[in-house]
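**Q** no FASTA, just this:
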């Protein structure tokens, strides 16, 4: 219900010469908490601040001549038309270039039907009963009709291909001409922008403090700040401290502000972190603390294990900060973490997983697949685990355990697009990599930061999806990330947006969204210029190369004698490193040797690929029965390792424990060993959950007395 105070403040805002942002109006409509007498005074005070700032900034913004403004808007209109022509030309060319794919598909169609016809013909010849014979005949007829349809389709597609090949040179010329015309329109826009004389305004930081304070007031709303500050002296002091700290407000607004406009709560979290952390003043950790405050101003709901009904319902923000502080200082995070901006950190700290699960994720990957941590290809660093160990399929999801966390169950039982993308974003956050959801039609995917820019995983390329939050279309989000790489220049984008805020414009975050208002259009044009300048510099630096000439190598297969040394203890215990295989002696794809966090090397048995056995040859000092066990990481249930010594007819089954990514010893089994040369062979057998990935550190053979 609207209060009298609310009605009064709305009336006062209507009187402002240039209308306030629609964001403010929405927040005022949503306000519910009654104001005390003190709260009413605070409301008047904060409203006065906003009114004064609006008037002061408006005077400082240069007036735009109608003729110059019209020239800019006309140039932008021409650009939009040119963009449409490029899009149309590209679509026509794409259609022509898909003609070959359609022909290839028709051949596959016909080939598949020919096989089905042969199968149906054989079945028809083998049937005796009349009912079965008639059914087989009908099946044969269906496949013959389907093949004939494929032949007809092939003829039509071949004709279309011939036509497309004839038209392709013309379509390429049309696309090139459209792109050249677009480039010219963008040159005209730059000239029009130069004519507006906004360069000095956008390049100057003199108004940044006022801009930031205005944005804080308009996004938080005077009412929202008053509701927070009236709670007590401590909250009032926090709001006053925030509004007096221009540098902090600039940091906040450049990072897109407090979630939900809850600046009071963001300030409360940030201030408390500064009190409890001895390292919070460090530049990296200060940015991290601010990101936590801004992102957790609206509580983040935790995703707990279903069996942990008494677990906290939301992420505790100070603990989230302390978790990443400890991991950062302990060297557990990606090397690029310390160079991220506040905006970047927000997409690290906003996960719904408990802090202890983030710790588990890092430890699990170090144990199980350390090669994904050292992968020099940032595109798949960490997140490569999804490709190698989380196959597509939901048939085992019903076996999720209530005592295990959500992401532990995904590693154990796989999933389809959603679960795979959820896990990918989780493991990236665990190592301090910014990431966000990037949905596409009927498909969940993700994108994430790399030192060379944001990349897409688990879905189509940029342009085929959308990103939650600001930007919406993924190309708009990508443009924001690209422009933000030049932090100094990006401030000009923010200043143009801030002017638009003061003048009551609606925010537009991408050229792929709605047609922007004037100053939002200036912001987007400046953003695009930053991107184009960076791309031009990159082309010049690499000499117009179209492909990377960087070749990557990994250290996964380098085995030394020390890695392969079998140890014979005085007590008769034989310790065989997993890397000491006599077959194979190098990586095969199915069997991979990689550095171990326990030291030396470890053997990883890949989930994917054709089944393969591996052997160990050693000289035993005495014959007899030995108890064999192994240190393993086994992230899934129902896994079996088979062992046979010296060609035994029946191998012995070792039921592997579900270790949830940690190192554990297997249950001991007995094998017979002869004095002298022995060959012990290991192979895999699938249980109900088939054969999944397995990592082995070593085997221990202990004499049975």
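**A** It's in. The model shown is predicted, which means the values in this text are computed figures rather than measured ones. Numbering: from 1, shown residues only.

**Q** Any idea how far stretch 668-676 is from the middle of the chain?
**A** The gap between where stretch 668-676 is centred and where its chain is centred comes out at 49 Å by Cα atoms, centre = their mean, to the nearest Å.

**Q** again with stretch 580-588
**A** Relative to the centre of its chain, stretch 580-588 is centred 35 Å away, using Cα atoms, centre = their mean.

**Q** List the buried residues of it.
**A** The neighbour-count check on stretch 580-588 (16 or more other Cβ atoms under 10 Å) flags 580-581, 584, 587-588 as buried. To be clear about C-beta, it is placed using only N, CA and C from the backbone, and glycine gets the same treatment.

**Q** State the distance spanning the first to the last residue of it.
**A** Stretch 580-588 has an end-to-end distance of 15 Å (Cα to Cα, to the nearest Å).

**Q** Outside of it itself, which residues are in contact with it?
**A** Judged by Cβ atoms under 8 Å, 6 or more residues apart in numbering, the contacts made with stretch 580-588 from elsewhere in the structure are 556-557, 559, 563-566, 591, 593, 603, 612-617, 679.

**Q** If burial is judged by neighbour count, which of those residues pass?
**A** So, by 16+ other Cβ under 10 Å, the buried ones in those are 556, 559, 563-564, 566, 591, 593, 603, 614, 616.

**Q** Show me these that map onto helices.
**A** In helices, defined here by DSSP state H, there are no members of the buried ones among the contacts of stretch 580-588.

**Q** from those residues, which two are the most distant?
**A** Pairwise distances across these (Cβ to Cβ) peak at 21.5 Å, for the pair 556 and 566.

**Q** pLDDT below threshold where in the stretch 351-500 of the chain?
**A** The stretch 351-500 of the chain contains residues with pLDDT under 70 at 441-442, 468-472.

**Q** And the strands in it, which stretches?
**A** For the stretch 351-500 of the chain, the strands defined by DSSP state E, counting those that start in this stretch cover 435-439, 446-448, 455-457, 466-467.

**Q** Need the nearest residue in space to residue 174, chain neighbours excluded.
**A** Here the nearest residue to residue 174 in space, its sequence neighbours aside, is residue 89; by Cβ to Cβ, 6 or more residues apart in numbering that works out to 4.9 Å.

**Q** next one: phi and psi at the one you found?
**A** In terms of degrees, to the nearest 10, the main-chain angles of residue 89 are phi -60, psi -40.

**Q** Could you dump the strands of the stretch 351-500 of the chain into a markdown table and include distance to residue 406 and mean neighbour count?
**A** As requested, the strands of the stretch 351-500 of the chain are arranged in a markdown table below (distance: least, Cβ to Cβ, whole Å; neighbours: other Cβ atoms under 10 Å):
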| stretch | distance to residue 406 | mean neighbour count |
| --- | --- | --- |
| strand 435-439 | 15 | 22 |
| strand 446-448 | 16 | 25 |
| strand 455-457 | 19 | 20 |
| strand 466-467 | 22 | 20 |
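
**Q** Quick one: those strands as JSON lines, columns for distance to residue 279 too.
**A** Rendered in JSON lines, the data for the strands of the stretch 351-500 of the chain read as follows (distance: least, Cβ to Cβ, whole Å):
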{"stretch": "strand 435-439", "distance to residue 279": "25"}
{"stretch": "strand 446-448", "distance to residue 279": "26"}
{"stretch": "strand 455-457", "distance to residue 279": "31"}
{"stretch": "strand 466-467", "distance to residue 279": "32"}
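
**Q** Which of those strands sits closest to residue 196?
**A** Scanning these with Cβ to Cβ as the criterion, the closest one proves to be strand 466-467, at 30.8 Å.

**Q** How far off centre is that closest one?
**A** What separates the centre of strand 466-467 from the centre of its chain is 11 Å, taken as Cα atoms, centre = their mean.

**Q** Contacts for that strand next, please.
**A** So strand 466-467 is contacted by 436-440, 447, 472-474, 476-477 (Cβ under 8 Å, 6+ apart).

**Q** rewinding a little: let me know the closest of the buried residues of stretch 580-588 to residue 655.
**A** Closest approach to residue 655 among the buried residues of stretch 580-588 (Cβ to Cβ): residue 581, at 22.4 Å.

**Q** so where do the helices sit in the stretch 251-400 of the chain?
**A** 263-276, 283-295, 317-329, 342-349, 355-368, 384-389 (DSSP state H, counting those that start in this stretch).

**Q** Mind checking those for the one nearest to residue 481?
**A** With Cβ to Cβ as the yardstick, what comes closest out of the helices of the stretch 251-400 of the chain is helix 342-349 (8.9 Å).

**Q** what residues go with each domain of this structure?
**A** In terms of domains, the chain is parsed into 66-197, 567-703 (source: automatic domain parsing).

**Q** Pick the most deeply packed of the ones you listed.
**A** Per-residue neighbour counts averaged over each of the domains of the chain give the maximum for domain 567-703, namely a mean of 17 (mean count of other Cβ atoms under 10 Å).

**Q** Quick check: residue 509 vs residue 137, distance?
**A** Remark: distance between residue 509 and residue 137 (Cβ to Cβ, to the nearest Å) = 62 Å.

**Q** swap in residue 166?
**A** Taking Cβ to Cβ as the criterion, residue 166 is separated from residue 137 by 44 Å.

**Q** do the same with residue 375
**A** In this structure, residue 375 and residue 137 are separated by 56 Å, where distance is defined by Cβ to Cβ.

**Q** same thing with residue 458?
**A** Counting by Cβ to Cβ, the gap from residue 458 to residue 137 is 45 Å.

**Q** Tell me where the model's unsure across the stretch 51-200 of the chain.
**A** Judged by pLDDT under 70, the stretch 51-200 of the chain has its weakly predicted residues at 97, 186, 189-190, 193-195.

**Q** Repeat the analysis, applying 80 as the threshold.
**A** Along the stretch 51-200 of the chain, the parts satisfying pLDDT under 80 run over 63-77, 79-80, 82-84, 92-97, 127-128, 179, 182-198.

**Q** Same question for the host helix or strand of residue 530: list its buried residues.
**A** When elements are assigned from DSSP states H and E, residue 530 belongs to helix 518-541. Within helix 518-541, the residues that qualify as buried are 518-531, 534, counting by 16+ other Cβ under 10 Å.

**Q** Widest-spaced pair of these?
**A** Farthest apart among the buried residues of helix 518-541 - using Cβ to Cβ - are 518 and 534, which lie 25.3 Å from each other.

**Q** still on that earlier bit, for the helix holding residue 530, packing partners?
**A** For helix 518-541, the contact count by 3 or more Cβ pairs under 8 Å, 6 or more residues apart in numbering; DSSP states H and E identifies helix 66-97, helix 130-195, helix 474-484, helix 487-502 as packing neighbours.

**Q** Now distance to residue 570 too, for those, in CSV please.
**A** What follows is the helices and strands packed on helix 518-541, written out as CSV (distance: least, Cβ to Cβ, whole Å):
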stretch, distance to residue 570
helix 66-97, 72
helix 130-195, 72
helix 474-484, 61
helix 487-502, 63
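
**Q** Roughly how far does the nearest residue to residue 448 once chain neighbours are set aside sit from residue 375?
**A** What sits nearest to residue 448 in space, not counting adjacent residues and going by Cβ to Cβ, 6+ apart, is residue 435, at 3.9 Å. The spacing between residue 435 and residue 375, counted by Cβ to Cβ, is 16 Å.

**Q** got it, and residue 273?
**A** Separation of residue 273 from residue 375 (Cβ to Cβ): 33 Å.
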